[in-house]
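Asks: what would the 3D arrangement of this be:
(chains A and B)
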Amino acid sequence: MNLTHDAQTRLDAYLANLRATLARCKTVDAVEIERDILDHIEAETQDTPHQISVSHLNTVLDKLGKPEQWLPPGEVSWWDKIINRFRTGPEDWRLAYMSVVCFTLGFIFPPLWIAGYIISRSLLARNNDSPFQTQPQKWLYYPCLIIIQTIVTFIALFWILVPAIAIVDEFYRDIIPYLSHYMQSCEHVAESLGLRTYDVLDTALIVFTVTASLGAWWLLLSISLAIRPKCVRAFYHPFAQNFSSLKAFRLTILSLLFLATAYAIHFCLYS
Amino acid sequence: MTNSLFDNWTTQLRKGMLELAILNALSQSQLYGYQITRKLSEIQGLVVTEGTIYPILSRLKRDRLVTTTLEESSEGPARKYYYLTKLGRSLLTEMNTYFATINAGLTNLAGASV
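Replies: Coordinates of the predicted model:
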């Protein structure tokens, strides 16, 4: 057979799939069938005067069908079908299935979510301009993307609370003497609500710490994101393609609201 | 639901009929694989994917219902011809009789319901 380079590659892949599929079927002779298939292709293309192109070969192979379709149900176990899909399936599918496996096993061993995320990103990079992203199989690799992006988002937004609360907790006794103004204000509030003064002070301190630390950190973060919106688009690909500096300023507004709340608490207690 | 039932039914029917069709195709003369697919393709709706017949031929050969012989071809390399064995011919007669009985019964049923 006089095949073009692309056609030869396509034929080799088809025969590899045929061998892998039929090797697991004990009732047929895979070598003989491969020979038959080659004879069939040769007979089908023998009238072609020029080199056989990949599109011509594809027409013949489409008529032959996928080797998986040839075998009756039950001839190949579901496990063999999965293994075969991994070994010979299109790269798109293999990576997508690997990603979903990582996602599932990640509930037992969470670092696998990172591996799944990397695989999903590789798949996205590989199919950047293909319609693959609009097809239902995107839900095979979206879970790993979503879970890692959600975890990173949560950490990026709230990590500041850990050191902030730790510092307040650590120096609580040291700062109490300086909170005499606060204590007086809290007494008034506690009296009117029927609570203990220290409970009101604790709550006020926690709310102040949370709003002040989050407000300050989100202000810095939003300014950084506004300067470099590309970073967000790259990390949250393909979900944040429309992210812009303007959208980063929404976080700036939220951070200013938090800072204003922190200041209001301070002002109310101090006055 | 109806379409799914029809699809299932035609798939099952085709699978059962393919072996009978292959054996019948070989009853007249020996044929090579490609010729068998061409003959079977003439029966509308029977062959969906042409490659399906090769595992069936392999199974028939394993069961000694058909056998093969290599013959030189003027159009290229030697071709592998399939032909029915005595056992295959005997089974084909049985299968055809059985199918004719079923078919006659179905025709009667259809006639009675009209």
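
Asks: residue of chain B with the smallest distance to chain A?
Replies: Nearest to chain A, among the residues of chain B, is residue B:49, at 2.4 Å (CB to the nearest CB). The C-beta positions use only the backbone N, C-alpha and C, and glycine is treated the same way.

Asks: and the pLDDT at that residue?
Replies: We have a pLDDT of 83 for residue B:49.

Asks: contact partners for it?
Replies: Residues counted as contacts of residue B:49 (CB atoms under 8 Å, 6 or more residues apart in numbering or on different chains) are A:63, A:64, A:65, A:66, A:69, A:70.

Asks: at 10 Å what do you get?
Replies: Counting by CB atoms under 10 Å, 6 or more residues apart in numbering or on different chains, residue B:49 touches A:62, A:63, A:64, A:65, A:66, A:67, A:69, A:70, B:37.

Asks: turn those into a markdown table, including pLDDT.
Replies: Formatted as a markdown table, those follow (pLDDT from 0 to 100):
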| residue | pLDDT |
| --- | --- |
| A:62 | 89 |
| A:63 | 88 |
| A:64 | 89 |
| A:65 | 88 |
| A:66 | 84 |
| A:67 | 83 |
| A:69 | 77 |
| A:70 | 79 |
| B:37 | 90 |
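
Asks: of the residues you listed, closest to residue A:262?
Replies: When those are compared for distance to residue A:262 (CB to CB), residue A:66 wins out at 63.8 Å.

Asks: so who does residue A:209 touch?
Replies: Going by CB under 10 Å, 6+ apart, residue A:209 touches A:161, A:164, A:165, A:167, A:168, A:169, A:262, A:265.

Asks: point out where the stretch 101-250 of chain A drops to low pLDDT.
Replies: For the stretch 101-250 of chain A, the stretches with pLDDT under 70 are A:128-136, A:173, A:175-186, A:189-190, A:197.

Asks: look up phi and psi at the nearest residue to residue A:236 once chain neighbours are set aside.
Replies: Nearest residue to residue A:236, sequence neighbours excluded (CB to CB, 6 or more residues apart in numbering or on different chains): residue A:149, at 5.7 Å. Backbone torsions for residue A:149, taken as degrees, to the nearest 10, come to phi -60, psi -40.

Asks: repeat for residue B:101
Replies: Here is the backbone geometry of residue B:101 (degrees, to the nearest 10): phi -60, psi -50.

Asks: ditto for residue A:3
Replies: According to degrees, to the nearest 10, residue A:3 has phi -110, psi 150.

Asks: follow-up on the earlier one: just the buried subset of the contacts of residue A:209, written out for ChimeraX, thanks.
Replies: Listed next is the ChimeraX selection for buried residues among those, using 16 or more other CB atoms under 10 Å in any protein chain shown:
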select /A:164,168,262,265
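
Asks: among the contacts of residue A:209, which lie within helices?
Replies: When the contacts of residue A:209 are checked against helices (DSSP state H), the matches are A:161, A:164, A:165, A:167, A:168, A:169, A:262, A:265.

Asks: tell me which of those is nearest to residue B:8?
Replies: Nearest to residue B:8 out of the ones in helices among the contacts of residue A:209 is residue A:161 (CB to CB; 58.1 Å).

Asks: ok, and the closest non-adjacent residue to the residue of chain A found nearest chain B?
Replies: Residue nearest to chain B within chain A: residue A:65 (2.4 Å; CB to the nearest CB). Ranked by CB to CB, 6+ apart and with sequence neighbours excluded, the top spatial neighbour of residue A:65 is residue B:49, at 2.4 Å.
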